[in-house]
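1. One predicted model, sequence on top.
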Amino acid sequence: MTAPKRTVVVGAGVIGLACADTLRRRGREVVVLDRGEPGAACSSGNAGWITPALSAPIPAPGLTWSSLKWMVSSDSPLYISPAAAPGLARWLWRFWRHCNARDFERGLHAVAKLNMRTTPLFDQLARDGLEFELHRDGLLFVFRDERYMEATRAEFEHHRDYGYAMPAPLGGAELKELEPALNDAARFGYLVGNEYHVRPETLAAGYAKRLVTAGVPVRSGVAVTGFRVTNGRVDGVETTEGGMAADEVLIAAGGWTGEVVAHLGARLPVQAGKGYSITIDGPGAAVRRPLYLGEARIGCSPFVGGLRFAGTMELSGVNTVLDQRRIGGMRRGIARYLDLPLGPEEGVEWVGMRPLTPDGLPMLGRIPGFANAFVATGHAMLGITMAPVTAEVMADIMVDQLDESTLRAFSPGRFRW
């Protein structure tokens, strides 16, 4: 009997853990390595939204001029650090080149097509007994300005082919009935009823527990320091705790992916799109359903016994420095929509690095120049949403030899870097 292939997964965020779980179920012998704790990086403090309707890539038409204005405001929804900009210049130039209608629509449709499998896959996880906190309460979009609301609602035209109807506009009284915590300034909006959300820490913990129960080593505090490569094939991984043999590797290291693939002598344009959150625990933090606070671009997720506000996109390089100006901007933004006392010191503040590519699309597939080294990263704000479908896609490629040309939009080789 042939021994199963040994797959080393580098990265124990929700993407790496989901991939490890699916590869295990497809017959691979899996080892998971992480420089920190499983699920402790970007998977731990985000909003936890499962939102196929928000499949649009971040580079969008018109964003170039908007970002130039935002760049000078440290509490804006999108902030590009002037100090970091020179080092990001090449990446930013490529990002801005994708801020056009053609690339935007191509990217949106590529992600939306993959996301047609997302909701059924989460339902299957729940049926299979994965332990995580799942809510099926939809997503309520709220706005202060009617024109901005209508412009955002019009984007659902792109999703008609993927099972979404155009949501009906709602007025202030209807919004207040759906969410009593809204203030009188939140006068316009709409409900997308078929979106889910999870408490992301529980999803990562559920995957990790199932892997460990199945006998998969999930090793914390182990950083990759190099790879052993023979004729374009990786046959070993060097770590801070020694070396190990590998038949193949999958790098799913989030914001650190560029650093890890550099040990292969490869370059992939992954930058950190830093996001922030404030989490309030306790019975006084009740909001009925997830909210998208439109103009402020802030998400609000109610959990069992808690509430989390998450948002902003900061381009300041690969780092986890928490900028209090960003948190302050979020607190002011929240107050514009909600009658919810939120003191200046209330809540647990968090920052995490969302892995972001210049075109805003994930990189899923084989690393150019290597027969058995793969990458799954670049999900930006869709990491939770796309974790199960990413796992299925990577298993299709690695185990079932799926023709990667069918996933050209997500090819790691699409960038000449």
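-> Yep, it's here.

2. give the contact list for residue 120.
-> With contact set as C-beta atoms under 8 Å, 6 or more residues apart in numbering, residue 120 has no partners. From N, CA and C alone the C-beta is placed, and that goes for glycine too.

3. Tell me how far it lies from residue 196.
-> Separation of residue 120 from residue 196 (C-beta to C-beta, to the nearest Å): 11 Å.

4. From residue 316, how far out is the closest residue to residue 117 other than its chain neighbours?
-> Distances taken as C-beta to C-beta, 6 or more residues apart in numbering place residue 389 nearest to residue 117, at 4.9 Å, with adjacent residues excluded. Separation of residue 389 from residue 316 (C-beta to C-beta) stands at 30 Å.

5. next one: residue 62
-> Counting by C-beta to C-beta - residue 62 and residue 316 are separated by 23 Å.

6. circling back to that earlier point, checking my notes, the residue nearest to residue 117 in a helix, right?
-> Yes: counting by DSSP: H, G, I helix; E, B strand; the rest coil, residue 389 falls inside a helix.

7. Show me what the mean pLDDT comes to for the helix or strand containing residue 104.
-> Using DSSP states H and E, residue 104 sits within helix 101-114. Helix 101-114 comes out with an average pLDDT of 94.

8. Run a quick neighbour tally on residue 205.
-> Residue 205: 20 surrounding residues under other C-beta atoms under 10 Å.

9. Need the three-state assignment for it.
-> From three-state DSSP, the assignment for residue 205 is helix.

10. And the strands in the stretch 151-300 of the chain?
-> Ranges of strands in the stretch 151-300 of the chain, per DSSP state E, counting those that start in this stretch, are 169-171, 188-192, 196-198, 218-219, 224-230, 233-239, 242-245, 248-251, 271-281, 291-293, 298-303.

11. Note down every partner strand of the third one and its orientation.
-> Spelled out, that is strand 196-198. Sheet pairing of strand 196-198 (DSSP bridges) gives strand 49-50 (antiparallel), strand 134-135 (antiparallel).

12. The longest one too?
-> Its sheet considered, strand 271-281 pairs with strand 306-315 (antiparallel), strand 348-356 (antiparallel) by DSSP bridges.

13. do the same with the second one
-> For strand 188-192, sheet partners with direction are given as strand 139-143 (antiparallel), strand 169-171 (antiparallel), following DSSP bridges.

14. Of all those, which one is nearest residue 203?
-> With C-beta to C-beta as the criterion, residue 203 lies closest to strand 139-143 of the strands paired with strand 188-192, at 17.4 Å.

15. before we move on, the earlier item: neighbour count winner among residue 62 and residue 316?
-> Neighbours per residue (other C-beta under 10 Å) separate residue 62 from residue 316, with residue 316 holding more: 22 against 11.

16. ok, the spatially closest residue to that one that is not a sequence neighbour to residue 75 distance?
-> Counting by C-beta to C-beta, 6+ apart, residue 316 lies nearest to residue 81, which is 3.7 Å off, once chain neighbours are set aside. Distance of residue 81 to residue 75, given as C-beta to C-beta: 13 Å.

17. quick one: the helices in this structure?
-> Here the chain has its helices, by DSSP state H, at 14-25, 63-70, 85-97, 101-114, 118-127, 146-154, 172-178, 200-213, 257-262, 324-335, 383-398.

18. If you average pLDDT over each of these, which is lowest?
-> Minimum mean pLDDT among these: helix 63-70, a mean of 64.

19. circling back: okay if I get the strands paired with strand 188-192 as JSON lines plus mean neighbour count and distance to residue 246?
-> What follows is these, written out as JSON lines (neighbours: other C-beta atoms under 10 Å; distance: least, C-beta to C-beta, whole Å):
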{"stretch": "strand 139-143", "mean neighbour count": "26", "distance to residue 246": "40"}
{"stretch": "strand 169-171", "mean neighbour count": "16", "distance to residue 246": "53"}
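
20. Look up how far residue 31 lies from the residue nearest the centre of the chain.
-> Centroid-nearest residue in the chain, with C-alpha atoms, centre = their mean: residue 383, separated by 2.6 Å. According to C-beta to C-beta, residue 383 stands 22 Å off from residue 31.

21. Over to residue 39?
-> The gap separating residue 39 from residue 31 is 17 Å, by C-beta to C-beta.

22. What of residue 186?
-> Residue 186 is 49 Å from residue 31, by C-beta to C-beta.

23. you'd agree residue 368 is up against residue 412?
-> Yes: Residue 368 is within contact range of residue 412, at 6.5 Å (criterion: C-beta atoms under 8 Å).

24. Which of those two has more residues huddled nearby?
-> residue 412 (27 against 17).

25. residues touching that one, list them.
-> Counting by C-beta under 8 Å, 6+ apart, residue 412 makes contact with 268, 363-368, 375.

26. now residue 333
-> Counting by C-beta under 8 Å, 6+ apart, residue 333 has contacts 293, 296-298, 311.

27. Looking at those residues, which one is closest to residue 244?
-> Of all the contacts of residue 333, residue 244 sits closest to residue 311, with 39.2 Å by C-beta to C-beta.

28. That closest one contacts residue 295, doesn't it?
-> No: using C-beta under 8 Å, residue 311 makes no contact with residue 295, being 11.4 Å away.

29. And the two? Which one has more around it.
-> It is residue 311, of residue 311 and residue 295, that has more neighbours when counted by other C-beta under 10 Å, with 24 against 16.

30. Within its local environment, how many residues does the closest residue to that one other than its chain neighbours see?
-> Nearest residue to residue 311, sequence neighbours excluded (C-beta to C-beta, 6+ apart): residue 298, at 3.8 Å. Residue 298 is flanked by 26 other residues according to other C-beta under 10 Å.
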